[in-house]
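**Student:** predicted model, plus sequence, below.
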Amino acid sequence: IDERSAASKQGQPFFIYIPFASPHTPIVPTAAWQNKSGINHYADFVMETDAAVGRIMDKLKSEGLLENTLVLFTSDNGCSDQADFKTLQAAGHDASAGYRGFKSKTYEGGHRVPLIAHWPATVPSGTTCHALVGLQDIYATCASIV
């Protein structure tokens, strides 16, 4: 972002792809995030991921780029069974959002994942779309935008 923000403000957009390993297996939050959630290591790892995305969003905002930057956040598949679903559910978190199954299973809980789009200049806040989307759709969408 530091390298491209000045050029972007001059009308030269940039593309950043950040493939987080978290919260994927192995579930290994850094020492600074271990036991932060008070739930388990998976919840700690999710919190660490959230903080990393927050730093990216904060940087875009401080550079004056957040309003007209498309940020997509999603996952390739559902939560790993190594996340300890019973402990998460006891804390009020349903990692599969009510769907049956999880990562590596054919049920919907293994494949349905959120896709969050943040682009204030184009996508109104609070907008919800119930259309079925696959990650392969992102390529055509990005191509159409540019």
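**Tutor:** Thanks, I have it. Numbering: from 1, shown residues only.
**Student:** in the protein, which spans are strands?
**Tutor:** Secondary structure of the chain (DSSP state E): strands at 71-73, 116-118.
**Student:** spatially, what comes nearest to Asn77 if we skip its sequence neighbours?
**Tutor:** The shortest distance from Asn77 to any non-neighbouring residue, by CB to CB, 6 or more residues apart in numbering, is to Lys103 (5.1 Å). Any C-beta I mention is one placed from the backbone N, CA and C, and that applies to glycine too.
**Student:** and if you look at Ala121?
**Tutor:** Ala121 sits nearest to Asn68 (CB to CB, 6+ apart), 4.4 Å away.
**Student:** need the contact list for that neighbour.
**Tutor:** Contacts for Asn68 (CB atoms under 8 Å, 6 or more residues apart in numbering) come out as 119-122.
**Student:** now for the residues you listed: which two are most distant?
**Tutor:** Farthest apart among those by CB to CB are Pro120 and Thr122. That separation is 7.5 Å.
**Student:** quick one: which of the contacts of Asn68 is most hemmed in?
**Tutor:** Among the contacts of Asn68, Trp119 has the most neighbours (other CB atoms under 10 Å), with 16 neighbours.
**Student:** what about Ile138, distance to Gln10?
**Tutor:** To Gln10, Ile138 is 26 Å away according to CB to CB, to the nearest Å.
**Student:** neighbour count for the two, which is higher?
**Tutor:** When Ile138 and Gln10 are compared for neighbours, Ile138 comes out ahead with 14 against 7, by other CB under 10 Å.
**Student:** returning to that earlier point: out of the strands of the chain, which is the most enclosed?
**Tutor:** Counting by mean count of other CB atoms under 10 Å, strand 71-73 has the highest mean neighbour count of these, with a mean of 15.
**Student:** other SSEs contacting it?
**Tutor:** helix 41-62, strand 116-118 (3 or more CB pairs under 8 Å, 6 or more residues apart in numbering; DSSP states H and E).
**Student:** contacts only, for the closest residue to Thr49 other than its chain neighbours.
**Tutor:** Sequence neighbours aside, Ser22 is the residue nearest to Thr49 in space, at 4.6 Å (criterion: CB to CB, 6+ apart). Neighbouring residues of Ser22 by CB under 8 Å, 6+ apart: 29, 45-46, 48-49, 52.
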